[in-house]
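K.L.:
I'll drop the sequence and a predicted model, then ask my questions.
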Amino acid sequence: MLTVKLSKEQKEPLVRRVQEYFLDERGEKIGDLAAEFLLDYMTQELGPVIYNQAIQDAVKLVGEKMVSLEDDLHSLEKPIKFGRR
């Protein structure tokens, strides 16, 4: 299973954002540990879903770029004339 690992530098501002969310939306103050546990849980549960969607988006984008590249390559073709000189 995919495990998303966040660095300390990534995690700290996210923990603060979770705390802000709880205070602003629910009027509840939660501590660092509770916010970090919630963040870890949400990352574990949502990480694979978001990752898979990103892969699907990348596949679609690469497919579109390949079609465009193919069109560009065909535009470089030279006409071939058969018959007498």
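P.N.:
Okay, I see it.

K.L.:
Got phi/psi on Leu6?
P.N.:
When quoted as degrees, to the nearest 10, the phi and psi of Leu6 stand at phi -100, psi 140.

K.L.:
Number of residues surrounding it?
P.N.:
Residues near Leu6, counting by other Cβ atoms under 10 Å, number 15. For glycine as for every other residue, the C-beta is placed from the backbone atoms N, C-alpha and C.

K.L.:
Glu77 now?
P.N.:
Glu77 is surrounded by 7 other residues when neighbours are defined as other Cβ under 10 Å.

K.L.:
any idea how far Lys65 is from it?
P.N.:
Separation of Glu77 from Lys65 (Cβ to Cβ, to the nearest Å) stands at 20 Å.

K.L.:
again with Phe22
P.N.:
Taking Cβ to Cβ as the criterion, Phe22 is separated from Lys65 by 42 Å.

K.L.:
More neighbours: which of the two?
P.N.:
Looking at Phe22 and Lys65 with other Cβ under 10 Å, you find the greater number of neighbours at Phe22, namely 16 against 10.

K.L.:
Right, I'll leave it there.
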